[in-house]
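Novice: Mind looking at a prediction? Sequence and model below.
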Amino acid sequence: MFKIVRSESVKLKGSFQLYFAVGVMVLQLVTVVPYVLLLKSGVALVDVALLTFAGYPLVTSMSAVLLFEQEKMANSFQEIRCYPKKYRLWGSKLVLSDCLSIATLTSTWLILGQIKLALVSFLLVVLLEHIHVGLTFFVDQTKNILLGFLEVLFIIFASNKALLNIYVLPVILPVNYIFRPNSLYLLLYVGYFILATCIVLWGIRRIDR
């Protein structure tokens, strides 16, 4: 598995997905970090965090689309179809995509020493990444990105504490946890994460058909 991950990490170099991630990371570092360092209010800090979280669905949907298109352009998944351990191969791609998105979006809060916000960022990024990678197997690019815009609206509503008692929208659970640290949110999060991962596995199986 380690050899596969190392091989896939080499392929990631020079990809549009990597350039996109680096661009987003630099944008956050030069805007969010200096602004937060000038803030003295904890409430304002949370507001800035929620504002950045609202952009996560678009970043992860674009990352998932770039990953899928890169593989699709490589002889229409012939490499994956011919590989005997395709689940491990796609698993390594998903792990690398997760790590790239985490480094892109969560590192800002680690640099600022905001552990709780970094944890929420991590949970949100990983869930969104799995959701949108799974969707790439079933819907086209436009619909995937449009769902990202819809998720942005959900996060905006959640940031206003309007969806605290809503449990059927997985993307708002990490945001709700900021305002109400409830173990039920984490339990449901795990369930939705497993479901999203199962959708990815189902999508991988569809490639062979």
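Specialist: Arrived safely.

Novice: Where does pLDDT dip in the chain?
Specialist: 1-12, 14, 40-43, 71-86, 207-209 (pLDDT under 70).

Novice: all helices of it, in order?
Specialist: In the chain, the helices defined using DSSP state H lie at 2-12, 16-38, 42-53, 56-73, 78-82, 86-105, 107-111, 115-136, 141-159, 173-179, 183-207.

Novice: Dump the ones you listed into TSV; add mean neighbour count and distance to I166 as well.
Specialist: For glycine as for every other residue, the C-beta is placed from the backbone atoms N, C-alpha and C. Below are these laid out as TSV (neighbours: other Cβ atoms under 10 Å; distance: least, Cβ to Cβ, whole Å):
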stretch	mean neighbour count	distance to I166
helix 2-12	13	36
helix 16-38	14	27
helix 42-53	16	16
helix 56-73	21	17
helix 78-82	12	37
helix 86-105	19	23
helix 107-111	18	25
helix 115-136	22	16
helix 141-159	17	8
helix 173-179	22	8
helix 183-207	15	11
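
Novice: Please name whichever of these is nearest to Y167.
Specialist: Y167 lies closest, by Cβ to Cβ, to one member of these: helix 183-207, at 5.6 Å.

Novice: Quick one: residues in contact with the closest one.
Specialist: Contacts to helix 183-207, defined as Cβ atoms under 8 Å, 6 or more residues apart in numbering, come from residues 77, 80-81, 86-87, 90, 94, 123, 126-127, 130-131, 133-138, 167, 170, 173-174, 176-177.
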